[in-house]
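Peer 1: Sequence plus predicted model, see below.
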Amino acid sequence: TNAPLPPKNTIGFYSHGEWVRRKADHANFGFGIQENELFLLESLKSFLNKHPHFELIVFPHPKERSDPEFQQFYSTFFEGTNTIIAPVEMKSSENFFKVNVGLMAYSTLIFERLALGYKTFIGANFQTSFPLEESPLKNLCLSDYESFEAALLLANEETEKEFFQRCRLEKYPLKEFLAEKVVEIQK
């Protein structure tokens, strides 16, 4: 409950390392991860150019870190924007509090961030079977630049509680889930 509040105007991109997987000719995971990751990167670049007071922290996938070109890939892609690449020792899941809004294509980190009560969005430009149509996770899906920009600007101004309520995800944070269980036990 005493986790530090993430600073406003900070965005985290949690990479699945799709560009490096393709380069290495790895099998396609499905879920449109490559297409959705590219959509997020392109949208982030546009967003940061339009809103230079925002800072982006790129959390590379461990697979990327072993590629000698990964630093160059991101610094070239985000050239002229307020972007830093998380150092190797900055583990993604241990540093959720460093960014106000997290973005990623399909990843287990989505569930980790949500369970810990952090604002998170999913790139969903390429439609897949995830999340299910009736799932409240659909409220986190960004499928075009207009919705991307509006969602980031709104979430940046909201508290975590407001964000989770608006997205109908009140029960996703573990502390809310556990608090409910304690009430049930006390009855």
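Peer 2: Okay, I see it. Residues are numbered from 1 along each chain as shown.
Peer 1: alpha carbons only for contacts and neighbour counts from here, please
Peer 2: Will do.
Peer 1: how near is the spatially closest residue to residue 5 that is not a sequence neighbour to residue 116?
Peer 2: Of all residues not flanking residue 5 in the chain, residue 97 sits nearest, at 6.3 Å (CA to CA, 6 or more residues apart in numbering). As for residue 97, its distance to residue 116 is 10 Å (criterion: CA to CA, to the nearest Å).
Peer 1: what's the answer for residue 59, then?
Peer 2: As judged by CA to CA, residue 59 and residue 116 stand 18 Å apart.
Peer 1: Comparing these two, which shows the higher neighbour count?
Peer 2: A direct count of neighbours by other CA atoms under 10 Å for residue 59 and residue 116 places residue 59 higher, at 24 against 18.
Peer 1: Pull the number of nearby residues for the closest residue to the more buried one other than its chain neighbours.
Peer 2: Spatial nearest neighbour of residue 59, excluding adjacent residues (CA to CA, 6+ apart): residue 14 at 4.9 Å. Using other CA under 10 Å, residue 14 has 22 neighbouring residues.
Peer 1: Regarding the protein, what is its longest helix?
Peer 2: helix 33-50 (DSSP state H).
Peer 1: which SS class is the residue nearest to the spatial centre of the chain?
Peer 2: Taking CA atoms, centre = their mean as the criterion, residue 103 is the residue nearest the geometric centre of the chain, at 2.0 Å. With DSSP: H, G, I helix; E, B strand; the rest coil as the basis, residue 103 sits in strand.
Peer 1: so who does it touch?
Peer 2: Residues counted as contacts of residue 103 (CA atoms under 8 Å, 6 or more residues apart in numbering) are 11-14, 40, 120-123.
Peer 1: how much space between residue 172 and residue 105?
Peer 2: 19 Å.
Peer 1: Since that was my last question, I'll sign off now.
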